[in-house]
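Novice: mind folding the following:
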Amino acid sequence: MKCIIVGLGSFGASLGEKLTAEGHEIIGIDINMNRVDHYKERISHTICMDATDEFTVSGLPLKDTDLVIVAIGENQGANVMSTALFKNFKVKKLISRSISPIHEKVLMAIGVDRIVHPEEESAERWAKKLIFKGVVDSFELSSEYSVVEVDLPKSYENKTIREIKIREEYHLLILTTIKQIDVKPLIGSSRKEDRVRGVANPNDMLNPGDILVVCGSHKDIKNFLQKEK
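Specialist: I've put the predicted structure just below:
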């Protein structure tokens, strides 16, 4: 994956380091030369530039970039301007950081693909979401073990937990399953809401659209996600 990260503050820099360590090509951008120098050995490429300047941004390899993440946090104006600029250049996928509820509404109006809330979500969790296809969310139990929410693979649809043999084949434990349902409020349009089914039972049937909550080592989770794409 080729990714541009705009803003090398604590969140953007940490995400850039983790993605670089996983073998992805990352271009880290910041207007602060000290930050650029500080991370030049830890992130694939670092560039000192103003990401709100249209001419400068046009010189980036945008057509060859899979994902742009605007991680600017200290300057909401720069965040919005940079996000709008990348949107106008029609990048393949655009994620931006939100600082406040009104800021989030502006980003949604611009039309970003996803919104980041670093105060609630760590760079580690976002790295897993970006690296592994199918990961909905995750959190670490320790340096070796995690709990992750993953989309149900098609090969598991309409089978019981016992039948898929995930514990025997991947050494993973299914803690529970989540189903997304449509909820119609008294006012406004319907929305998706997660319903947790409770402690998993070997005889539970897995249905299309379900989310599995599994626990295991990072190595086993990675192996499962790569084989069950």
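
Novice: all contacts plus neighbour counts: C-alpha atoms, from now on.
Specialist: OK.

Novice: buried sites along the helix or strand harbouring Thr46?
Specialist: Thr46 is part of strand 45-48, with elements assigned from DSSP states H and E. Applying a neighbour-count criterion of 16 or more other C-alpha atoms under 10 Å, the buried positions in strand 45-48 are His45, Thr46, Ile47.

Novice: how about the helices in the chain?
Specialist: 10-21, 33-39, 54-58, 76-88, 101-110, 123-131, 161-164, 166-170, 218-227 (DSSP state H).

Novice: by mean pLDDT, show me the worst of the ones you listed.
Specialist: With a mean of 63, helix 123-131 has the lowest mean pLDDT of these.

Novice: list the contacts of stretch 200-216.
Specialist: Residues outside stretch 200-216 that contact it (C-alpha atoms under 8 Å, 6 or more residues apart in numbering): 145-152, 154, 156-162, 171-180.

Novice: restricted to strands, list those.
Specialist: Among those, DSSP state E puts 145-151, 159-160, 173-180 in strands.

Novice: quick check: domain ranges of this protein?
Specialist: 2-126, 132-227 (automatic domain parsing).

Novice: distance from the longest one to the middle of the chain?
Specialist: Computed by C-alpha atoms, centre = their mean, to the nearest Å, the separation of domain 2-126 from the middle of its chain amounts to 13 Å.

Novice: could you do the shortest one as well?
Specialist: Average the C-alpha atoms of domain 132-227, do the same for its chain, and the two points are 16 Å apart (C-alpha atoms, centre = their mean).

Novice: ok so, going back, direction included, what does the strand holding Thr46 pair up with?
Specialist: Strand pairing for strand 45-48, using DSSP bridges, gives strand 25-30 (parallel).

Novice: what does the partner strand rub up against?
Specialist: 1-8, 13, 16, 19-20, 36, 43-51.

Novice: can I get it as PDB, trimmed to CA atoms?
Specialist: Below are the C-alpha coordinates for strand 25-30, written out as PDB (Å, rounded to 0.1, in the frame of the first residue of the first chain):
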ATOM      1  CA  GLU A  25       5.400   2.900   1.400                       C
ATOM      2  CA  ILE A  26       4.500   6.000   3.400                       C
ATOM      3  CA  ILE A  27       5.000   9.700   2.500                       C
ATOM      4  CA  GLY A  28       4.900  11.800   5.700                       C
ATOM      5  CA  ILE A  29       4.200  15.500   5.200                       C
ATOM      6  CA  ASP A  30       4.500  18.300   7.700                       C
END
